[in-house]
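Engineer: need a structure here:
(2 chains)
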Amino acid sequence: MTLMDSLAADSRPWAFLRRLLAKAGLSGRGLVIAAPMLWLLVFFLVPFLVVTKIALSELVIASPPYAPMIEWTKGGELIVKLNFGNFQFLFSEPLYLNAYLGSIKFAAISTLIALLIAYPMAYLIARSGERTRNVLLMLVILPFWTSFLLRVYAWIGFLKGNGVVNNVLMSVGIIHDPIVMLQTDFAVYLGIVYTYLPFMILPLYANLVKLEDDLLEASADLGARPFMTFLTITLPLSLPGIIAGSMLVFIPAVGEFVIPALLGGPDTLMIGRILWDEFFSNRDWPVASSVAIIMVVALVFPIMIMRSAQDRMEEKAK
Amino acid sequence: MKQVLALAVGMSILAIPALAQEEPVLNIYNWSDYIAEDTISNFEAQTGIKVNYDVFDGNEVLEAKMLTGSSGYDVVVPTNNFLERQIQAGIYMELDASKLPNLKNMDPAIMTTLAISDPGNTHAIVYMWGTTGMGYSAKAIAERMPDAPSDSWDMIFDPEIAKNFADCGITMLDAPAEVMSAALNYLGLDPLSEDEGDLQKATDLVLSVRPYIRYFHSSQYISDLANGDICLSLGWSGDIFIAQARAVEAANGVEVVYVIPKEGAQVWTDNMAIPKDAPHPDNAHKFINYIMEPEVVAAISDYVFYANGNAASTPLIDPAVTGDPAIYPPDDVKAKLFAIKSHSPAYDRLLTRAWTRIKTGQ
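Structural biologist: Okay, here's the model as predicted:
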């Protein structure tokens, strides 16, 4: 008997509530499933539909700055106006495609770099003793205790013309003139990899820690060198961790706004900045909404591909 | 009978707000670092109205809130070209002149400038005004070019001269209308032009110096100029004065100078207006009238180093402020200043496209 069952059997108000819900056609199980669905409905689907509605309306100088989609005329006519011009505009202007591709490029390269750095770290953590492991995990999570914005700001102090890095390099005599690092693509990569590294390490760790020593021993007994063992045993088994970590880094990195805005240069073309420009500088809410919708749609596909790859792998594992 | 009844109901609805005593609260939304330290507390002590004072750092943020509606603010401070579009969008109420006896103190010349954006000055009063010019670090410029034409837009718009300052950092505002009007004016064209050919010429001009520009940003340059991280900015007068003051405070050897270039520059006004859905319009009028007291606004100018729109306050302001030609320009410089209007939506789109091309260097 679980705790819930005993509670339900013993306390009368609980039983009463359950009967009441059952009458309404709701079981406890249904409620548990309904809660996240309701959450998605209220905080994802409804806002998404509102944004879609704005994306399909026309820009006007008014408050709010778009024309109403549905209108009752005085003659009693119901007029529904759908304006696909904003989407057309996005496809006719190479800027937006370039920005999407730019975002995907930044996100993909950052994900790859994060993976290359995170894998050895996660491996080390998974392989170390229980005590050290907890300390190391703590160190990975620790930066989250400081605001994300502050941490990105701190990089400005490191990278700028008379910042920490340049001053150290100059005082040692390696360089004579400061290197321009801030407001470059390099700074954006650095910022994204730095910020999202823990999201790569943690799923990799969770996966690698389950790796059985027996498998590695068997491989060694059969004459495989450590590198061979890694390629044929460890790496394939850790693929689900790699995919989970990559998704956690790639998806937020595509829509990243703060890091390119603070660390990037004017030619760092990412869709998050285009969105900001359209909404605030250009106050074109319909176009901004269209950009956002296309971004969501464009992201759904890579996620679906990765998910199905992950599912296939889990099938295989069974 | 029906009509009479409707009229009566209508009149009673109109009468209710006038009869009901407003709660003693006022919500103000102003630029950051843009008021004297005791302005608000003095107003509260004088009137017993509790003031909630919020700040923003860009017209875009204010505009997004205003366009969304129901912001809850009673007094907001948009810049003239933004104000113009927001008036067209029907966001602001007409000011009730009978509640603003201090209107007589305002400077007619600067109110006429604002009238380009707010015909008849019915919706707003000028709070502070300034220019969009050049700020530079004197030492860094002299080191690179001892005979630099520091009183001319050549510094930024002539590639042969601008390239000398590429290594120490040139920046521009991320404000297309302002930068392009400066470029048009430099080329001898109408800074308010909406002609596509003119826009192309201005775009080519900015693209010709684009390789020497470090970034486009509307507030970052304040601290960078003060720290010596950059050496030349196309920026707002008051911001560059803030950079100047910060450099002096830090005693880091950086001397920041602001100039209104001799070819002329844009003049802008920041204006106080009351949103139509303001919950406390009466208190808002009281506050705006209070701001138009010469002593009150003189103290603010002393503190923020901006010229205000109040003629009666000029003799009360610190001579160090009124005597600075970069803040209170002499008449011959004033003659070359121009105000910008908001653009048509079609031109705005062209402008944004040109601006993105410039920023990304494509």
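
Engineer: ok, B:Val254 - contacts?
Structural biologist: B:Val254 sits next to B:Ser137, B:Lys139, B:Leu225, B:Ala226, B:Asn227, B:Gly228, B:Ala247 when contact means C-beta atoms under 8 Å, 6 or more residues apart in numbering or on different chains. The way it works is simple: take the backbone N, C-alpha and C, and place the C-beta from them, glycine included.

Engineer: Neighbours of the nearest residue to the first one once chain neighbours are set aside, how many?
Structural biologist: Taking C-beta to C-beta, 6 or more residues apart in numbering or on different chains as the measure, B:Ser137 lies nearest to B:Cys231, with 4.4 Å between them; neighbours along the chain are not counted. When neighbours are defined as other C-beta atoms under 10 Å in any protein chain shown, B:Cys231 has 26 of them.

Engineer: Check B:Ala142 too.
Structural biologist: Neighbours around B:Ala142, by other C-beta under 10 Å: 14.

Engineer: element containing the closest residue to it other than its chain neighbours, please.
Structural biologist: With C-beta to C-beta, 6+ apart as the criterion, B:Ala142 has its nearest non-adjacent residue at 7.2 Å, and that residue is B:Ala148. Assigned by DSSP states H and E, B:Ala148 belongs to no helix or strand.

Engineer: now do the one 3 residues further on
Structural biologist: Secondary-structure assignment from DSSP H and E places B:Asp151 in no helical or strand segment.

Engineer: residues in contact with the residue in the stretch 201-318 of chain A that chain B sits nearest to?
Structural biologist: With C-beta to the nearest C-beta, the shortest gap between the stretch 201-318 of chain A and chain B falls at A:Phe280, namely 3.6 Å. Listed by C-beta under 8 Å, 6+ apart, the contact partners of A:Phe280 are B:Gly58, B:Glu60, B:Val61, B:Glu63, B:Ala64.

Engineer: Who wins on neighbours among the residues you listed?
Structural biologist: B:Glu63 (25 neighbours).

Engineer: Surely B:Thr131 is within a strand?
Structural biologist: Yes. In this structure, B:Thr131 lies within a strand as judged by DSSP: H, G, I helix; E, B strand; the rest coil.

Engineer: and it, how many neighbours?
Structural biologist: Neighbour tally, B:Thr131, other C-beta under 10 Å: 25.

Engineer: what's the distance between it and chain A?
Structural biologist: Applying C-beta to the nearest C-beta, to the nearest Å, the value for B:Thr131 to chain A is 21 Å.

Engineer: Tell me if I'm right that that residue and B:Pro329 touch.
Structural biologist: Yes. The pair B:Thr131 and B:Pro329 passes the contact test of C-beta atoms under 8 Å, sitting 7.4 Å apart.

Engineer: Give me the nearest residue to A:Trp72, chain neighbours excluded.
Structural biologist: A:Leu78 (6.0 Å).

Engineer: Would you mind confirming that the one you found is in contact with A:Pro68?
Structural biologist: No. Using C-beta under 8 Å, A:Leu78 is not in contact with A:Pro68; the gap is 11.8 Å.

Engineer: what sits against B:Ile110?
Structural biologist: B:Val126, B:Trp129, B:Thr269, B:Gly309.

Engineer: nearest residue to the residue of chain B found nearest chain A other than its sequence neighbours?
Structural biologist: Residue of chain B nearest chain A, by C-beta to the nearest C-beta: B:Glu60 (3.6 Å). Spatial nearest neighbour of B:Glu60, excluding adjacent residues (C-beta to C-beta, 6+ apart): A:Phe280 at 3.6 Å.

Engineer: Check the one you found and give its pLDDT.
Structural biologist: For A:Phe280, the pLDDT comes out at 84.

Engineer: pretty sure it belongs to a helix, no?
Structural biologist: Yes. Assessed by three-state DSSP, A:Phe280 belongs to a helix.

Engineer: what residues does the stretch 1-150 of chain A put near chain B?
Structural biologist: With the criterion set to C-beta under 8 Å from any C-beta of the partner chain, the stretch 1-150 of chain A comes near chain B through A:Leu59, A:Ile61, A:Ala62, A:Ser63, A:Pro64, A:Pro65, A:Glu93, A:Leu95.

Engineer: Now do the contacts for the third one.
Structural biologist: Spelled out, it's A:Ala62. B:Ala89, B:Gly90.

Engineer: Do you have the helices of the stretch 151-300 of chain A handy? List them.
Structural biologist: Along the stretch 151-300 of chain A, counting by DSSP state H, counting those that start in this stretch, helices occupy A:164-172, A:185-208, A:213-221, A:226-229, A:235-237, A:239-254, A:258-263, A:271-276, A:285-317.
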